[in-house]
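J.: Please work out how this folds:
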Amino acid sequence: MCQRSSCREIWQQRPQVRRKPATGFIEAPTGPRWIRASMVVTAAVFSVLAASAEPAWPWGGDDHRTIGMVADLLLEGTPTGDKVSGVLGGATLSEASLWADCAKGYCHRAPTAEERAFTDQNPRHHVFHYTDVAVQQPGYRLGAAGTAPDDIVQIATTAIRVLQGRAPNNAPATLNQRSALWLLAHLVGDLHQPLHVGAIYFDNSCEQIVDPNVAGAGQPNFGIGTTLASTRGGNDLKTGSTSSRRNLHGYWDSGTVTGAMRLVDIRDKSIEDFGQEIVENAPPGWQTAGDLETWPM
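T.: Predicted coordinates for the structure are as follows:
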């Protein structure tokens, strides 16, 4: 493992990678990923719930709430929107998109009884929010370095199946349709945060960026944490000037959405106004292609 303190600040650029929802490839962004994520969560919720004959049961907070708000606006007045409201007991997707983080104690309030039950049933819930695929890899493959049976891709897939009424045996998470819905609403946002799905690794000198699938081949856990250094989802990567340095993960979690609001002249951080702006000016080609069950990959 790297011992040099400079390892945590050696990467000063902002690697602009994002999740390509249909195929799982990491690629240069073609548009704001939170806008696309907003549309994707709507498509996912609509596809899962509308197909059911029976009632279907950080990013920073602003990012998740914006994604949920766009979904709420697009589903307003639809049968699927009514199903969502029924499943969530009248709560909106914008509100429910935060509950997976609230369960971790990140909401400046005590977790609710429902959130505590979720964490009791899922003691590894903290790892549900990310996967650490090396940026050199062309896509996600379970078993590759940085992946896990209960990473974000596997948990999102499980949530989709639960909403379809097809909960798998030996699932990596214990979910009912309500918790599957609010967890999926959150994870769609995390899937589109580059540092929740892609990872940069260093050799043990902290000088070279490496692919642990190659450099750590044959070692336990691909050498991550022993002979190779993880950057902990970008939390150990610093960006900005020497006087105003911040970690890269934090920049993606909060700085990007604040900047996007300013670009469209929303100065009061109104989630409602920002959501409406996105709906009225949706980027072309936002729809996700491919099978619903496999799009998290």
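J.: Which positions within stretch 257-277 qualify as buried?
T.: Of the residues in stretch 257-277, those buried by neighbour count under the rule 16 or more other C-beta atoms under 10 Å are 257, 260-261, 266, 271, 273-275, 277. From N, CA and C alone the C-beta is placed, and that goes for glycine too.
J.: if you look at those, which of them are in helices?
T.: Among the buried residues of stretch 257-277, the ones falling in helices (DSSP state H) are 257, 260-261, 271, 273-275, 277.
J.: what's the lowest-pLDDT member of these?
T.: Within the set of these, pLDDT is lowest for Val257 (83).
J.: I figured that one was touching Asp62, is that so?
T.: Yes. Between Val257 and Asp62 there is a contact under C-beta atoms under 8 Å: 5.0 Å.
J.: Between those two, which contacts overlap?
T.: Residues touching both Val257 and Asp62 (C-beta atoms under 8 Å, 6 or more residues apart in numbering): none.
J.: What pLDDT is listed against Asn235?
T.: The predicted local confidence for Asn235 is 84.
J.: same deal with Thr174?
T.: Note for Thr174: predicted pLDDT of 96.
J.: ditto for Thr258
T.: 84.
J.: show me what contacts it?
T.: Counting by C-beta under 8 Å, 6+ apart, Thr258 makes contact with 62, 269.
J.: gap between the residue most central in space within the chain and Arg116?
T.: Nearest to the mean C-alpha position of the chain, by C-alpha atoms, centre = their mean, lies Asp190 at 1.0 Å. For Asp190, the distance to Arg116 equals 21 Å [C-beta to C-beta, to the nearest Å].
J.: helix, strand or coil for the residue nearest to the centre of the chain?
T.: helix (DSSP: H, G, I helix; E, B strand; the rest coil).
J.: From Ala110, how far out is the nearest residue to it once chain neighbours are set aside?
T.: Of all residues beyond its chain neighbours, the one nearest Asp190 is His196 (4.4 Å), with distances taken as C-beta to C-beta, 6 or more residues apart in numbering. Distance of His196 to Ala110, given as C-beta to C-beta: 25 Å.
J.: So for these two, which sits in the more crowded spot?
T.: His196 (25 against 10; other C-beta atoms under 10 Å).
J.: what about whichever strand or helix holds the more buried one, average pLDDT?
T.: Using DSSP states H and E, the element containing His196 is helix 194-197. Average pLDDT, helix 194-197: 91.
J.: going forward can the numbers begin at 857, since that is how I track them
T.: That works, and once the first residue is 857, the last one we named lands at helix 1050-1053.
J.: Before I go, just wanted to say thanks for your time.
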